[in-house]
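A.B. asks: Sequence and predicted structure below; questions after.
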Amino acid sequence: MIGFLALLLTLQLIGEIVVRALGLPLPGPVIGMLLLFIGLGLRGSTPTPLNQLATGLLQHLSLLFVPAGVGVMSYLAIIEANWAALGITIIASTMLAIVVTALTLRLLTRRKAEQHD
């Protein structure tokens, strides 16, 4: 399992390097996750140790929100000054995510029904 933790951190590092080298407006871990997704897609399945690592990380996911909460508290004055724009953005992005999820579910449900016919 340590090997897969090292793999995840290495992919994150590669993502950071790619983002900084190319000047992309993305977080490095997003590129790392994309690389992981491509690797797992090519492999065709998830190795059991990686699955166990992911389960362990998800069980302690709440701990990962502590730094974000501290960051929010540090920038409370900026948030207070821009609360309307932030509120509209949060509501709009949530609604967009719900719509995209619903459309994706509809598409996948139709595809599955067509395969069974």
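C.D. replies: Sure, I can see it. Numbers count the residues shown, from 1 in each chain.
A.B. asks: From now on I want contacts and neighbour counts done on CA atoms only, so please keep to that.
C.D. replies: Fine.
A.B. asks: So which other helices or strands are in contact with the lowest-mean-pLDDT helix or strand in the chain?
C.D. replies: Ranked by mean pLDDT, DSSP states H and E, the weakest helix or strand in the chain is helix 65-74, scoring a mean of 85. Counting contacts by 3 or more C-alpha pairs under 8 Å, 6 or more residues apart in numbering; DSSP states H and E, helix 65-74 packs against no other helix or strand.
A.B. asks: helix or strand right after that helix?
C.D. replies: Using DSSP states H and E, the helix or strand that follows helix 65-74 towards the C-terminus is helix 76-81.
A.B. asks: C-terminal to that next one, what's the next element?
C.D. replies: helix 83-116.
A.B. asks: what separates that following helix from the chain centre, distance-wise?
C.D. replies: From the chain centre to the centre of helix 83-116 is a distance of 16 Å (C-alpha atoms, centre = their mean, to the nearest Å).
A.B. asks: mind checking which helix or strand Val19 is in?
C.D. replies: Assigned by DSSP H and E, Val19 belongs to helix 2-22.
A.B. asks: Can you give the domain ranges for this structure?
C.D. replies: 1-59, 66-117 (automatic domain parsing).
A.B. asks: most tightly surrounded among these?
C.D. replies: domain 1-59 (a mean of 14; mean count of other C-alpha atoms under 10 Å).
A.B. asks: any idea how far the least confident helix or strand of the chain is from the chain center?
C.D. replies: Its chain's C-alpha centre and that of helix 65-74 lie 18 Å apart, by C-alpha atoms, centre = their mean.
A.B. asks: ok, now stretch 20-36?
C.D. replies: Worked out by C-alpha atoms, centre = their mean, stretch 20-36 lies 12 Å from the chain centre.
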